[in-house]
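Undergrad: I'll drop the sequence and a predicted model, then ask my questions.
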Amino acid sequence: MAKTGRFTWSWSLGLWLVVLLLAMSITPRTVLRYTQWRQMRLETAQLQQELLALRAQERALQDELKRVQTDPGRESLARQRGWIRKGEEPLRINP
């Protein structure tokens, strides 16, 4: 009986050592994978925010394009750039 108990104890110790070695070998890779996953998650969130900003800018530019394709829009844009109509005189204010 004593022999069986010693055999079971050494077998159990051996299994625990194998489990410990496996855990030690897997842990660094698991930490590395988790770190990479977290970094990719943060980068994805940042890129999604950037994409939303670019889509909002695209909508604003589309609206501006529609506005300047009309006659009043073209005139407004020309006046913003300092253009005047034929026969008009520019008004200059000296400070």
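TA: Thanks, I have it.
Undergrad: rest of the way, CA atoms for contacts and neighbours
TA: Noted.
Undergrad: Give me the packing partners of the one helix or strand residue 29 maps to, helices and strands only.
TA: Using DSSP states H and E, residue 29 sits within helix 2-68. In terms of contacts (3 or more Cα pairs under 8 Å, 6 or more residues apart in numbering; DSSP states H and E), helix 2-68 is packed against helix 71-80.
Undergrad: then the helix it packs on to PDB, C-alphas only?
TA: Written as PDB, here are the backbone C-alpha positions of helix 71-80 (Å, rounded to 0.1, in the frame of the first residue of the first chain):
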ATOM      1  CA  ASP A  71     -26.200  81.400 -59.100                       C
ATOM      2  CA  PRO A  72     -26.500  83.100 -55.700                       C
ATOM      3  CA  GLY A  73     -24.000  80.700 -54.300                       C
ATOM      4  CA  ARG A  74     -21.500  81.500 -57.100                       C
ATOM      5  CA  GLU A  75     -22.000  85.200 -56.500                       C
ATOM      6  CA  SER A  76     -21.500  84.800 -52.800                       C
ATOM      7  CA  LEU A  77     -18.300  82.800 -53.400                       C
ATOM      8  CA  ALA A  78     -17.000  85.400 -55.900                       C
ATOM      9  CA  ARG A  79     -17.700  88.300 -53.400                       C
ATOM     10  CA  GLN A  80     -15.900  86.400 -50.600                       C
END
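Undergrad: same for that helix, what does it pack against?
TA: helix 2-68.
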